[in-house]
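Asks: Dropping the sequence and predicted coords here.
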Amino acid sequence: MPDMILYKHFEIEPKPMVTHGSWGQHDVGTHASTMDIYWTPNLKGKVTREKIRNGHGMIEWNIGTLDECEHIGIWTEEGNLTDYDGIMALPLEAAEILEMIGIKVSEEFKDE
């Protein structure tokens, strides 16, 4: 059984983007992107509502025109986002997508 399986695919309209890190941030232009959500399946190899509410997933964020791919680890408890990893700030699009699949994302996680 695979560690994670593809759950949903999303196309993101072109938008202005910045890159940031401990050194600061800078504008990298306007780009379209995609986000794929992968989730840890249950013992039968299925992604269930319960696994999404209490589990671990990943968003693969591809920005093809920049040749960039970010992997954002996602952890949930009782239907709430409790943590993420792999990127400095959770993109607003990622928060919106998580909410679309039923995960509550508190304001503290949303990148302005």
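Replies: Now that the structure is in, tell me what you want to look at.
Asks: Just the helices from the protein, written as ranges.
Replies: 49-53, 92-100 (DSSP state H).
Asks: just checking, what packs against the first one?
Replies: Contact partners of helix 49-53 among helices and strands, from 3 or more C-beta pairs under 8 Å, 6 or more residues apart in numbering; DSSP states H and E: strand 68-77. No exception for glycine: its C-beta is placed from N, CA and C like everyone else's.
Asks: you'd agree Gly45 is up against Ile5?
Replies: Yes - at 7.3 Å, Gly45 and Ile5 qualify as touching, with contact defined as C-beta atoms under 8 Å.
Asks: okay, the two: which has more neighbours?
Replies: The neighbour comparison of Gly45 against Ile5 (other C-beta atoms under 10 Å) goes to Ile5, with 14 against 9.
Asks: burial measure for the closest residue to the more buried one other than its chain neighbours, as a count.
Replies: In space, and not counting its chain neighbours, Ile5 is closest to Pro41: 5.4 Å by C-beta to C-beta, 6 or more residues apart in numbering. Using other C-beta under 10 Å, Pro41 has 18 neighbouring residues.
Asks: From Arg53, how far out is Pro41?
Replies: Going from Pro41 to Arg53 by C-beta to C-beta, to the nearest Å gives 14 Å.
Asks: highest average neighbour count across the helices of the chain?
Replies: helix 92-100 (a mean of 17; mean count of other C-beta atoms under 10 Å).
Asks: now that one, how far from the centre of its chain.
Replies: 7 Å (C-alpha atoms, centre = their mean, to the nearest Å).
Asks: Mind giving me the packing neighbours of it?
Replies: By 3+ C-beta pairs under 8 Å, 6+ apart, helix 92-100 packs against strand 5-21, strand 24-39, strand 56-63, strand 80-85.
Asks: any idea how far the second one is from the chain center?
Replies: Spelled out, that is strand 24-39. Using C-alpha atoms, centre = their mean, the offset of strand 24-39 from its chain centre is 10 Å.
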